[in-house]
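Asker: Sequence below, structure please.
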Amino acid sequence: MTGKPAAEFSPVNSWRSLHYFNLYRLTIASIFVFLAGTFGVSLSLGERNWTLFFTASLVYTVLVAFSFILLKLRRPRFAAQLALQIGGDIAGLSVLSYASGGIQSSIGLLLLVSLAAAGMISRGRITLFFAALASLATLLEHSYAVLHDGATVAQYMQVGLLCISYFAVAWLAHTLAKYAVDSQKLAQRRGRDLLSLAEANRLVMRDMQDGVLVVDEHGSITQMNQGAERLLRKGVDTGDSLSETFPALFGQYAIWKKTGSASRNTLQLGTGVQAKLRFVAIEAAHGAVIFLEDMQRVQAEAQQIKLAALGRLTANIAHEIRNPLSAISYATELLQEETADARQRRLLQIVLDNTRRINQIVQDVMQLNRRDRAQPEVFDLDTMLHTFAEEFALAERLDPGVIVLDGMPGIEVSFDAGHLRQVLWNLCCNALRYGRRLPGSLVLAMGVENGGTLLDVRDDGPGIPIEHRGKLFEPFFTTASEGTGLGLYIAKELCEANGAMLEYRAGEEGQRKTRQTAASGHATAQAGACFRITFGEHMEMLEEHEHGG
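Answerer: Down below sits the predicted model:
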């Protein structure tokens, strides 16, 4: 930056201050014209030369009035206009002082106001220069009066004291202006800091998963974040009373305020949610910050950590089991080939079947670690489903029409293609296991809801009992004797690794979907089970395909 004067960068309030100063000048000039025209020399105004005093007052008034036009146009620049106004005051008041008798008229004291105003408006940069001009004009005016009008030389003492007062007021205005500038800069810096802190506080409170309430010394709520609204299932306005809005929470707050600790660390909210309470005092405002920590979220995070550790442990154990398991399976097959005893062959077959089942469990456990190696790619979902349906029907030897696609061409999703194929294979195998293998028994239906892409896998089986639905995605939970209980758990983990969600849909939704399938010409009479994959935020509609032709 260049070292330009601050006046060149004067803000709007500097021009406003100059405008008010000009109003003062116009008032003084108008008073001089009025008093001189009404009372003449009876008030000692124009005592030495009334004609000069009255003429100078008129000219001074006109020039001040003309200054308002320059102020409105803001031409010339701020510093030049201030210099013109102060210079006009020095010249005009010096002439008026001479016409009224010189130093004894006391008109020169009015320059003290002009110098002080100049110091405050210009931030004190050229105030001492204006004081020097005023002192020079006062000395010249008195010297002229001594030489031509017989003024006494002894009055030079009064003139000197007046000049000293000019410099004193100018220096004082300069110092005050300097402090004013520093204070203004400090206030602006503090204001920016406060705005930054307020914005940071707002963002922190908004993004915190825990609930946060701020109450003042009277128990009124001053702030409340979205986490608290979610836990308490109720929004409030600033100033609402904590005792009336949340009585149970206020009871713990009152106990904490009296004793310094709450009667219990957790609070059972009316919504069935259990929250951990923590109170932090605000010393300056005599209020408090109340933290509400969702215990269900804490328990879920702890469960995820345990499952992750268990997954790594079991994967390592499974890897070590595979080698001896392969040896057992290979040795059993050799014994089957060498023995002719039917009873021994049956026993060996039992061993072989169980080793294969254990091997399947080992493979499922080892796949748990694959969720951390997801490589999402963008692809057309409808095309992928057609390819998958053909492969699945061929592998499972399904009759034509058993698997039905209800697709929507032109929808892209972001997902690891290998993971999605594994998830769909597991869901479709479960559907066939419990379905009737009739035309339309297995339906893959795409849809769009709230801007997200959906994929439903539905069957015409008996559905899942209510008592089992809460355990569907738990590891090692199964109702089939030959199942491992890891299929749905792995499918859910793979979906979450790709930013998607897998859930079980039942009730009216499944029945409605089934009726839609039946209306399309496929014979399904039962609601069955419906598993829904909700893909992440990435969804892009391709260009419209041309139909026909």
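
Asker: ok, and for the helix or strand hosting Arg16, which residues are buried?
Answerer: Per DSSP states H and E: Arg16 is located in helix 12-39. By 16 or more other C-beta atoms under 10 Å, the buried positions in helix 12-39 come out as 14, 17-18, 21-22, 25-26, 28-29, 32-33, 35-36. All C-beta atoms are positioned from the backbone trio N, CA, C, and that covers glycine.

Asker: which stretches of the stretch 401-549 of the chain have low pLDDT?
Answerer: Within the stretch 401-549 of the chain, the set of residues satisfying pLDDT under 70 comprises 480-484, 507-527, 537-549.

Asker: Which stretches in it count as strands?
Answerer: With DSSP state E, counting those that start in this stretch applied, the stretch 401-549 of the chain shows strands at 403-406, 411-415, 442-449, 452-458, 501-505, 530-534, 539-541, listed in chain order.

Asker: Tell me which residues are up against the fourth one.
Answerer: Read it as strand 452-458. 381, 385, 411, 413, 424, 427-428, 431, 442-448, 505, 510, 513-514, 517, 528-537, 539 (C-beta atoms under 8 Å, 6 or more residues apart in numbering).

Asker: Could I get the full set of strands for the stretch 151-300 of the chain?
Answerer: Secondary structure of the stretch 151-300 of the chain by DSSP E, counting those that start in this stretch: the strands cover 211-215, 221-224, 266-268, 274-282, 287-294.

Asker: Check those for me and report the most buried one.
Answerer: The highest average neighbour count among the strands of the stretch 151-300 of the chain, using mean count of other C-beta atoms under 10 Å, belongs to strand 211-215 at a mean of 23.

Asker: any chance you could map the helices in the stretch 301-450 of the chain?
Answerer: Assigned by DSSP state H, counting those that start in this stretch, the helices in the stretch 301-450 of the chain fall at 342-366, 381-396, 417-434.

Asker: Likewise for the stretch 51-200 of the chain?
Answerer: Per DSSP H, counting those that start in this stretch, the stretch 51-200 of the chain carries helices over the ranges 78-99, 110-121, 127-148, 156-207.

Asker: returning to that earlier point: out of the helices of the stretch 301-450 of the chain, which is closest to Glu229?
Answerer: Distance to Glu229, taken as C-beta to C-beta, is lowest for helix 417-434 among the helices of the stretch 301-450 of the chain, at 34.9 Å.

Asker: what's the pLDDT at the closest residue to Pro409 other than its chain neighbours?
Answerer: Leaving out its chain neighbours, the residue that sits closest to Pro409 by C-beta to C-beta, 6 or more residues apart in numbering is Asp382, at 4.9 Å. pLDDT recorded at Asp382 is 90.

Asker: can you pull the buried residues of stretch 229-248?
Answerer: By neighbour count on 16+ other C-beta under 10 Å, the buried set for stretch 229-248 is Arg230, Leu231, Leu232, Val236, Asp240, Leu242, Thr245, Phe246.

Asker: quick one: contacts of it?
Answerer: Contacts with stretch 229-248, where a contact means C-beta under 8 Å, 6+ apart, come from 211, 213, 215, 219-224, 249-250, 253, 267, 269-271, 273, 275, 292, 294.

Asker: With stretch 323-331 instead?
Answerer: Contacts of stretch 323-331 (C-beta under 8 Å, 6+ apart): Val351, Leu352, Thr355, Arg356, Ile358, Asn359, Val362.
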